[in-house]
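**Student:** From the sequence below, what's the structure:
(chains A and B)
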Amino acid sequence: MSDVPGGHRHAHVHQHAEDADHGHGHAEPSDQQATDRWVEIEHLHYAYPDGHEALSGVDLRIGRGEKVALVGPNGAGKSTLLLHLNGINRPGHGSVDVAGIAVRGDGIRRARSEVGLVFQDPDDQLFSPTVFADVAFGPLHMGLAEGEIHDRVERALAAVGMSGFERRLPHHLSLGQRKRVALATVLSMDPSVLVFDEPSSGLDPRGRRQLIGLLRTLTQTVIVATHDMRLVAEVLPRTVVMDGGLIVADGPTDQILADEALLERHGLERP
Amino acid sequence: MALLVLWLVLVAASALARLGPLRLSRGAFIAAPFLLAALPLVFTRPEQPLGSIDLGPLRLTISGEGLRIFTTIAIKSWLSVQAALLLTYTTSFHDLLDALRELRLPRVMVAIIGFMYRYLAVLGDEAQRLMRARAARSAVAVGVQGGGSIAWRARVTGGMVGSLFLRSYERSERIYAAMLARGFEGTFRHLGARVIRRAEWMAFTVTLLGLLVFVAAAHLWLPPS
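**Tutor:** The predicted model follows:
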């Protein structure tokens, strides 16, 4: 496991991933590269308008279909990093690439259909008068045909177990239901990367179990920023630890969670 | 007279919608406090003095004309609220939004109304949490006069309003980020999920014509009371 002081976190994790992929023997090297680096963040720096530096040189590579946890204390820069993945935040320095698309300029619009961002508070995500209108918002603004939009809404709601709620109003749903609809609002855009900010916060045990079950069914690349270490241990094989705007550790979840000194240092706890 | 006819129309419509007429009539009193704004009319009109009230230095003259205007306003507002209630009881909010869009109200306006409806409840919850937090800490120590001065309490309330505003402002930024993340580029698109049918256009036209005839008739045949 790599617990490297910020900046130089190169390493065997990626090395390892590449080795593994060589084993699978992809036909085209360029495809393989794209698959290895489905999400590629390089030397990312970001400062808020007030000058506070939130990210000070983040390098991160995530392969297609990987399930990655992003953990770290409040203010570590997790949410700020997530908002870069589809161009809501623009990097001060450095670059972000998703699915081979550079997330800047014209690329941002395409990147937004590749990256589905599920916000922490579903009341922020669900802004339309009805569940249907909300789930249809993404596909509609992607310019899809009406029949296709209806299909996608139906499939997305079925995937999160919320079929039949189309005409309901978001504020008449429970928090767990709203969180699931919030996921449906990005599933309907058919993204290859799903990004969650604190998906389990505020959920009761049943809602949490349902969420974990749902996360397991996802085949997309999944990145989850969370404090819920049990969720990490159960669903996400790789863990990235952030602190002070830097990635301070990156490796298999069981190894990271076994390193008590590391967890202690960065204000985390074992599940 | 004309107002009575309108009321009968409303009652008939609510009967059609299977709502008890009393439910509307009672519900409409919710707007009664706003009538206070019209109350001065009773005393400020010069016509037809009916009598006066002595309030020390102030002498209020009740005017018959003013009283009549006030009564008309009261009945009108009561009827309007009933009509609005009838609309909201029978029509879901997104149907109303669809209708507004179909009636060519600018999309931005429709979107604003939609957002308002969506976030009114969220804002209300937030305000309630703030007030609960204040209530929970508004204790009084034994043997001490608690509560603080009015100025102090006003300052606390002002602070709460400010904090509510800031929270809403921050929420609006997060909502906008959520919209951007799903491909919003500045123009609202809308699915033609519900097309207004011919029969509905017909009903709309007939109602509009009926109202016009009604107004015209009222002006032509009724004595200008």
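
**Student:** could I get stretch B:98-109 in PDB with only the CA atoms?
**Tutor:** Coordinates of each C-alpha in stretch B:98-109 appear next as PDB, following Å, rounded to 0.1, in the frame of the first residue of the first chain:
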ATOM      1  CA  ASP B  98     -48.200  22.500 -18.200                       C
ATOM      2  CA  ALA B  99     -51.200  24.700 -18.800                       C
ATOM      3  CA  LEU B 100     -49.200  27.900 -18.200                       C
ATOM      4  CA  ARG B 101     -46.600  26.800 -20.600                       C
ATOM      5  CA  GLU B 102     -49.300  26.000 -23.200                       C
ATOM      6  CA  LEU B 103     -50.800  29.400 -22.700                       C
ATOM      7  CA  ARG B 104     -47.400  30.800 -23.800                       C
ATOM      8  CA  LEU B 105     -46.200  32.100 -20.500                       C
ATOM      9  CA  PRO B 106     -42.500  32.600 -20.900                       C
ATOM     10  CA  ARG B 107     -40.600  29.400 -19.900                       C
ATOM     11  CA  VAL B 108     -38.400  31.200 -17.400                       C
ATOM     12  CA  MET B 109     -41.500  32.300 -15.500                       C
END
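
**Student:** Buried residues, it. List them.
**Tutor:** B:98, B:99, B:100, B:101 (16 or more other Cβ atoms under 10 Å in any protein chain shown). C-beta coordinates here come from the backbone N, C-alpha and C atoms, glycine included.

**Student:** got it, and stretch A:123-142?
**Tutor:** A:123-142.

**Student:** cool, stretch A:163-176 as well?
**Tutor:** Going by 16+ other Cβ under 10 Å, stretch A:163-176 has these buried residues: A:165, A:166, A:169, A:170, A:171, A:173, A:176.

**Student:** and what of stretch B:183-194?
**Tutor:** Those would be B:183, B:184, B:188, B:191, for stretch B:183-194 by 16+ other Cβ under 10 Å.

**Student:** taking the mean pLDDT, what do you get for it?
**Tutor:** Stretch B:183-194 shows a mean pLDDT of 73.

**Student:** And the strands in chain B?
**Tutor:** B:49-55, B:58-63 (DSSP state E).

**Student:** okay, the ones you listed in JSON lines with mean pLDDT, distance to chain A and mean neighbour count next?
**Tutor:** Shown next, in JSON lines, are the strands of chain B (pLDDT from 0 to 100; distance: least, Cβ to the nearest Cβ, whole Å; neighbours: other Cβ atoms under 10 Å in any protein chain shown):
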{"stretch": "strand B:49-55", "mean pLDDT": "71", "distance to chain A": "48", "mean neighbour count": "10"}
{"stretch": "strand B:58-63", "mean pLDDT": "73", "distance to chain A": "47", "mean neighbour count": "14"}
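
**Student:** okay if I get these as JSON lines plus distance to residue B:119?
**Tutor:** Listed next are these as JSON lines, based on distance: least, Cβ to Cβ, whole Å:
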{"stretch": "strand B:49-55", "distance to residue B:119": "45"}
{"stretch": "strand B:58-63", "distance to residue B:119": "44"}
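
**Student:** quick one: which of those strands is nearest residue A:154?
**Tutor:** With respect to residue A:154, and counting by Cβ to Cβ, the nearest of the strands of chain B is strand B:58-63 at 65.0 Å.

**Student:** Tell me which strands the closest one pairs with, and in which orientation.
**Tutor:** According to DSSP bridges, strand B:58-63 has the following sheet partners: strand B:49-55 (antiparallel).

**Student:** Now tell me what touches the strand it pairs with from outside.
**Tutor:** For strand B:49-55, the external contacting residues (Cβ atoms under 8 Å, 6 or more residues apart in numbering or on different chains) are B:59, B:60, B:61, B:62, B:63, B:64, B:67.

**Student:** Now distance to residue B:149 too, for those residues, in a markdown table please.
**Tutor:** Listed next are the contacts of strand B:49-55 as a markdown table, based on distance: Cβ to Cβ, whole Å:
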| residue | distance to residue B:149 |
| --- | --- |
| B:59 | 36 |
| B:60 | 34 |
| B:61 | 40 |
| B:62 | 40 |
| B:63 | 42 |
| B:64 | 46 |
| B:67 | 42 |
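
**Student:** got the contact list for stretch A:145-156?
**Tutor:** A:132, A:135-136, A:139-140, A:144, A:163, A:166, A:184-185, A:187-190, B:191-192.

**Student:** Farthest-apart pair in those, please.
**Tutor:** Largest pairwise distance in the contacts of stretch A:145-156, by Cβ to Cβ, is 23.2 Å, between A:187 and B:192.

**Student:** Can you narrow the buried residues of stretch A:123-142 down to the ones near chain B?
**Tutor:** Applying Cβ under 8 Å from any Cβ of the partner chain, the subset of the buried residues of stretch A:123-142 adjacent to chain B comprises A:123-130, A:132-133, A:136-138, A:140-142.

**Student:** what's the spatially closest residue to residue A:125 that is not a sequence neighbour in contact with, if anything?
**Tutor:** The shortest distance from residue A:125 to any non-neighbouring residue, by Cβ to Cβ, 6 or more residues apart in numbering or on different chains, is to residue A:182 (4.2 Å). Residues in contact with residue A:182 (Cβ under 8 Å, 6+ apart) are A:118, A:119, A:122, A:125, A:126.

**Student:** Could you measure from residue A:182 over to residue B:97?
**Tutor:** Between residue A:182 and residue B:97 the computed distance is 21 Å (Cβ to Cβ, to the nearest Å).

**Student:** cool, residue B:166 as well?
**Tutor:** Noted for residue B:166: a distance of 28 Å to residue B:97, by Cβ to Cβ.

**Student:** So these two - more neighbours on which side?
**Tutor:** Ranked by neighbour count (other Cβ atoms under 10 Å in any protein chain shown), residue B:166 and residue B:97 place residue B:97 first, with 22 against 10.

**Student:** Quick check: the more buried one touching residue B:114?
**Tutor:** Yes - look at residue B:97 against residue B:114 with Cβ atoms under 8 Å: they come within range, at 5.4 Å.

**Student:** Need the residues touching each of these two.
**Tutor:** The contact sets of residue B:97 and residue B:114 overlap at residue A:129 (Cβ under 8 Å, 6+ apart).
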